[in-house]
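Q: Have a look; sequence and predicted model below, questions after that.
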Amino acid sequence: MIINTNTGSANAARILAESTSALQKSLKRLSTGSRIASIADDAAGSAMGAKFSAQVTRLNASRANVGNMISFSQTQDGYLEKVAGALERMSELAMLATDETKSDTDRGLYEKEFDELQSFVTAVSSKTFNGTALFSSTPLTVTVGTTQVGAASSITFSGANLVHTSYSSLTATSVSVGSATYAAAALQTVQTAISQLASDRAQVGANISRLETERNTISILRDNLSAARSRITDVDVAEESANFARQQILVQSGTAMLAQANVIPQSALRLIG
């Protein structure tokens, strides 16, 4: 029986310290919702979680990019819808002006409205969306994500994918309904413009469909990456609650046993006394 070195107390103190550390770690996991209380818990998992988080953040930004491009295209279609209404009215005016029972003076009244609608169609071609021309031949590129090697993945609308609304043949000053002859020619020009407009609106619709499909794909990828990140970094509350209860019991029993270990050397006093 010895007094200077209480091996039992030292062992009990060490085990109690380990249980207390485990209890604090479990408490931190439950309070933060994170399985990785410190980088030492899972260094590789922490690194993977950070990479997944960055990817999810980029995908959210990509989804916003695509959403803005969808709004851009929807704005295009909104203007084209109004142009369609103007062209319908212009074709009606041209048809009315071909009536031989009307005088050129009568046609002059139709010409006033026809000219204003021409001006409207001309003005639409210069409209912008947040400073970007809605109807231009300049290619438009929207970044939708990154590849495995980090290069940007994007969609470019150019050539036939762009809508120009350059109905120059329709908006020329020579297009008029001031006479029956002019009105007949104007009617053909308007009908050609209507056909072009139908093609333009179909292209805008196709662009929106492509963008919405891309946005849905981004959302699926983002959700899957978020799930993968969750499996690495998020704590299983049910499992950790059971571990927390276990560590609580170990700390309580360890405290009690340390107290008992500190009492044992006192029995040596009986031999001395």
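A: Cool, got the structure.
Q: Name the nearest residue to residue 229, ignoring sequence neighbours.
A: residue 52 (3.7 Å; CB to CB, 6 or more residues apart in numbering). For the C-beta atoms, the positions are set from N, CA and C on the backbone; glycine is no exception.
Q: Contact partners for the one you found?
A: Contacts for residue 52 (CB atoms under 8 Å, 6 or more residues apart in numbering) come out as 225-226, 228-229, 232.
Q: The same query, at a cut-off of 6 Å, please.
A: 225, 228-229 (CB atoms under 6 Å, 6 or more residues apart in numbering).
Q: which stretches of the stretch 51-200 of the chain form strands?
A: 128-129, 132-133, 140-146, 152-157 (DSSP state E, counting those that start in this stretch).
Q: Tell me which of these sits most buried.
A: strand 140-146 (a mean of 17; mean count of other CB atoms under 10 Å).
Q: Show the average pLDDT along it.
A: What strand 140-146 shows for mean pLDDT is 80.
Q: do stretch 189-203 as well
A: Stretch 189-203 comes out at a mean pLDDT of 90.
Q: Run through who's touching that stretch.
A: Contacts for stretch 189-203 (CB under 6 Å, 6+ apart): 80, 84, 87, 90-91, 94, 163, 167, 169-170, 175.
Q: On the three-state scheme, the nearest residue to residue 258 once chain neighbours are set aside is what?
A: Excluding the flanking residues, the one nearest residue 258 by CB to CB, 6+ apart is residue 12, at 4.2 Å. Per DSSP: H, G, I helix; E, B strand; the rest coil, the local secondary structure of residue 12 is helix.
Q: For residue 220, which residues are in contact?
A: Taking CB under 6 Å, 6+ apart, one finds nothing in contact with residue 220.
Q: pLDDT score for it?
A: For residue 220, pLDDT reads 91.
Q: Can you tell me the SS state at it?
A: helix.
Q: and the gap between it and residue 214?
A: From residue 220 across to residue 214, the span is 11 Å (CB to CB, to the nearest Å).
Q: swap in residue 94?
A: From residue 94 to residue 214 the distance is 41 Å (CB to CB).
Q: These two - which one has more neighbours?
A: Between residue 94 and residue 214, residue 94 has the larger neighbour count (other CB atoms under 10 Å), namely 25 against 21.
Q: Which pLDDT value goes with the more buried one?
A: 93.
Q: do the same with residue 178
A: So residue 178 comes in at 89 (pLDDT).
Q: what's it in contact with, if anything?
A: Contacts of residue 178 by CB under 6 Å, 6+ apart are 107, 111.
Q: where does it fall, phi/psi-wise?
A: The phi/psi pair for residue 178 (degrees, to the nearest 10) reads phi -70, psi -20.
Q: chain center to stretch 11-31, what's the gap?
A: 42 Å (CA atoms, centre = their mean, to the nearest Å).
Q: sorry, that was for stretch 213-233
A: The answer for stretch 213-233 is 11 Å, by CA atoms, centre = their mean.
Q: Flag every buried residue along that stretch.
A: 214-215, 218, 221-222, 225, 229, 232-233 (16 or more other CB atoms under 10 Å).
Q: In CSV, could you pull the C-alpha coordinates for that stretch?
A: Provided in CSV are the C-alpha atoms of stretch 213-233 (Å, rounded to 0.1, in the frame of the first residue of the first chain):
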residue,chain,number,x,y,z
THR,A,213,-34.0,22.6,-69.1
GLU,A,214,-30.5,23.8,-68.2
ARG,A,215,-31.8,25.4,-65.0
ASN,A,216,-33.6,22.2,-64.0
THR,A,217,-30.4,20.2,-64.7
ILE,A,218,-28.4,22.6,-62.5
SER,A,219,-31.0,22.3,-59.7
ILE,A,220,-30.7,18.5,-59.8
LEU,A,221,-26.9,18.6,-59.7
ARG,A,222,-27.0,21.1,-56.9
ASP,A,223,-29.4,19.0,-54.8
ASN,A,224,-27.3,15.9,-55.3
LEU,A,225,-24.1,17.7,-54.3
SER,A,226,-25.8,19.1,-51.3
ALA,A,227,-26.9,15.6,-50.3
ALA,A,228,-23.3,14.3,-50.7
ARG,A,229,-22.0,17.2,-48.6
SER,A,230,-24.6,16.6,-45.9
ARG,A,231,-23.6,12.9,-45.6
ILE,A,232,-20.0,14.0,-45.0
THR,A,233,-20.5,17.1,-42.7
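Q: Sweet, I'm off.
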